[in-house]
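Engineer: return a 3D structure for these sequence lines:
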Amino acid sequence: MREPAKPGLLVVDDDPGHLAMLTTLIRGWGYATDGAASGEAAVEAVRGRPFDLILMDVRMAGISGIEALQAIKAYNPAIPILIMTAYSTVESAVTALKAGAYDYLTKPLDFDVLRLSLERALEHAGLRKENEALRHKLGESGNTSIIGTSEAMRQVLDMVAMIAPSDATVLITGESGTGKELVARAIHQASPRANGPLVAVNCAALAESLLESELFGHEKGAFTGAERRREGRFKQADGGTIFLDEIGEVSQAMQLRLLRVLQEREVVRVGGDTTLPVDVRVLAATNRDLRALVADGRFRQDLYYRLNVVALDLPPLRARIGDIPLLAAHFLQKYGVRNKKNIKGFTPLAMDYLLRYGWPGNVRELENAVERAVVLTAGEFAGERELPPQLVADARAASAPRGMDGADVPSGGAMPMPAIPLEEAERRAVLAALREAGGNKSQAAKKLGVTRKTLHAKLRKYGAGERSER
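Structural biologist: As a prediction, the model looks like this:
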């Protein structure tokens, strides 16, 4: 079996020593790494071969890192670019973000932070590619609004693909705001009934008397105000699908009537006695534990089994943290268009808060938070000030932010940037190169792109000159 190709990275820096140090260091982390000594060389390299990520300095002779970034983005906007900048030029980082940079790192670099930043950028880029492929795959059936590449959502989508072609009744469960109606629509759109109607009913929104008329219809004069005959939602869904949301809220009497419809596939209008056949597929959803309601005697066991032919449980957003950047970007575009704003993304700190927050309201709460940010954002990037204050407060109170896979990562803005002197970074790179060369100083110097004399000077400087000559 062929091993997967290593991610290809391009490091851009006009300081030869710093460039050699970074390329050697990053290559040691398992990446296929090339170097470019100028912005012009970086643009040329990108045109010559594909790269998965670019790490580039801002201040360079010739064209600047910002100019190179703009040229690269014009050629291939999909390449994530990390910008390196000094503390004294943080304003240039803001310019870089506006120009399309994925993130920025401040000098002197912290190698642990650099490594984590590379991993996050590559993972985000991979998620975006996977999501685009997934959306293309689902596009044939119209399911382009389902967003998620986490393992939890992969299982949901696999289940949707398996059950959609059947005519089985499906019970969709999950916390409020997890997207149960969206999944119901996906099932309908991928089913043989896709050309028929999809009729959705919120069972919790109507009183029992009104719900009965809504579902089954009524005859003229059946009750005060019934001035004409009305077809119910089951009859309106004939040949298609009916989606019964919040099914756990219906009364015992209504449960009995629903059971009859599921068993006999026929309805009787309120105030009538004519039996009307209906050809519908039933999808139901609830955020309540129906088994517990059955045990308490508040939900009919026979109806539960009729509804629960196929069970589909949706994960809460906190169980699919990796989908948050994708969902946030989707909602940002959606509400940007609606509000006639061209917002390019979130600042690193704002995205960090989105990842760190617990999302008790799930995807619906995320959508509301992003809509608020769009409305309040005046520039091209939505920041933490535009997020709901309670969200920011809760995120700050969290012990640590969560990464794409739910693991803890350091807190901070784009990433925390503890100041480590460049000399320390250089020392680590020199010693790492020497270890990789097995103590052979000629090979280590070659790896670092310096002369053997320069390497000797560095080793003496860092107290490693007593190592044996080779």
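Engineer: torsion angles phi and psi at Ala42?
Structural biologist: Backbone torsions of Ala42, given as degrees, to the nearest 10, read phi -70, psi -50.
Engineer: my guess is it meets Leu10, correct?
Structural biologist: Yes: at 6.4 Å, Ala42 counts as touching Leu10 under the criterion of C-beta atoms under 8 Å. Every C-beta, even on glycine, is put in place using the N, C-alpha and C of the backbone.
Engineer: compare the two and say which one has the larger neighbour count.
Structural biologist: Comparing Ala42 with Leu10 by neighbour count (other C-beta atoms under 10 Å), the higher total belongs to Ala42, at 29 against 24.
Engineer: touching both of Ala42 and Leu10, which residues are there?
Structural biologist: Each of Ala36, Ile54, Met56 lies in contact with both Ala42 and Leu10 under the rule C-beta atoms under 8 Å, 6 or more residues apart in numbering.
Engineer: neighbours of the spatially closest residue to Arg320 that is not a sequence neighbour, how many?
Structural biologist: Nearest residue to Arg320, sequence neighbours excluded (C-beta to C-beta, 6 or more residues apart in numbering): Ser150, at 4.0 Å. The criterion is other C-beta under 10 Å. On that basis, Ser150 has 21 neighbouring residues.
Engineer: and the shared contacts of Ala42 and Leu10, which of them are in strands?
Structural biologist: Mapping the shared contacts of Ala42 and Leu10 onto strands (DSSP state E) picks out Ala36, Ile54, Met56.
Engineer: give me the beta-bridge partners of the second one?
Structural biologist: With DSSP bridges applied, the residues forming beta bridges to Ile54 are Leu10, Ile81.
Engineer: got the contact list for it?
Structural biologist: Leu9, Leu10, Val11, Val12, Ala42, Val46, Ile72, Ile79, Pro80, Ile81, Leu82.
Engineer: any idea how far the second one is from Asp245?
Structural biologist: Pointing back at Leu10 there. Distance, Leu10 to Asp245, by C-beta to C-beta, to the nearest Å: 50 Å.
Engineer: Glu219 touches Arg229, doesn't it?
Structural biologist: Yes: counting by C-beta under 8 Å, Glu219 does reach Arg229; the two are 5.6 Å apart.
Engineer: neighbour-wise, which of the two wins?
Structural biologist: Neighbour totals were compared for Glu219 and Arg229, and Glu219 leads with 17 against 14 (other C-beta under 10 Å).
Engineer: low-scoring stretches of the stretch 301-450 of the chain, by residue?
Structural biologist: Applying pLDDT under 70 to the stretch 301-450 of the chain flags residues 399-429, 432-433, 435-438, 446-450.
Engineer: returning to what we had before: name the residues contacting each of Glu219 and Arg229.
Structural biologist: By C-beta under 8 Å, 6+ apart, the residues touching both Glu219 and Arg229 are Arg269.
Engineer: can you report how many residues neighbour the closest residue to Phe299 other than its chain neighbours?
Structural biologist: Excluding the flanking residues, the one nearest Phe299 by C-beta to C-beta, 6+ apart is Leu293, at 3.8 Å. Neighbour count for Leu293, taken as other C-beta under 10 Å: 16.
Engineer: packing partners of the host helix or strand of Leu293?
Structural biologist: For Leu293, the element it lies in under DSSP states H and E is helix 290-295. On a contact count with 3 or more C-beta pairs under 8 Å, 6 or more residues apart in numbering; DSSP states H and E, helix 290-295 meets helix 301-307.
Engineer: buried ones in the helix it packs on?
Structural biologist: Of all the residues in helix 301-307, those buried under the rule 16 or more other C-beta atoms under 10 Å are Leu303, Tyr304, Arg306, Leu307.
Engineer: relative to Ala101, which of those is nearest.
Structural biologist: Leu307 (50.1 Å; C-beta to C-beta).
Engineer: how far away is the closest one from Val11?
Structural biologist: To Val11, Leu307 is 57 Å away according to C-beta to C-beta.
Engineer: swap in Glu380?
Structural biologist: Counting by C-beta to C-beta - Glu380 and Val11 are separated by 27 Å.
Engineer: how does this protein divide into domains?
Structural biologist: Domain assignment for the chain, taken from automatic domain parsing, gives 8-123+419-461, 151-314, 320-397.
Engineer: ok, back up a step: and the furthest pair within the buried residues of helix 301-307?
Structural biologist: The largest distance within the buried residues of helix 301-307, taken as C-beta to C-beta, falls between Tyr304 and Arg306 and amounts to 7.3 Å.
Engineer: just want the most central residue of the chain.
Structural biologist: Nearest to the mean C-alpha position of the chain, by C-alpha atoms, centre = their mean, lies Asp323 at 2.3 Å.
Engineer: ok so, going back, in CSV, list the ones in strands among the shared contacts of Ala42 and Leu10 along with distance to Val392 and pLDDT.
Structural biologist: Shown next, in CSV, are those (distance: C-beta to C-beta, whole Å; pLDDT from 0 to 100):
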residue, distance to Val392, pLDDT
Ala36, 39, 95
Ile54, 31, 94
Met56, 31, 94
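Engineer: for Leu317, state which of the residues you listed is nearest.
Structural biologist: Once C-beta to C-beta is applied, the member of these that ends up nearest Leu317 is Ile54, at 31.1 Å.
Engineer: before we move on, back to that, so who does the residue nearest to the centre of the chain touch?
Structural biologist: Leu127, Ile147, Gly148, Thr149, Ser150, Met153, Leu317.
Engineer: doesn't it fall inside a helix?
Structural biologist: Yes: under DSSP: H, G, I helix; E, B strand; the rest coil, Asp323 falls within a helix.
Engineer: separation between it and Gly148?
Structural biologist: On the measure of C-beta to C-beta, Asp323 and Gly148 end up 4 Å apart.
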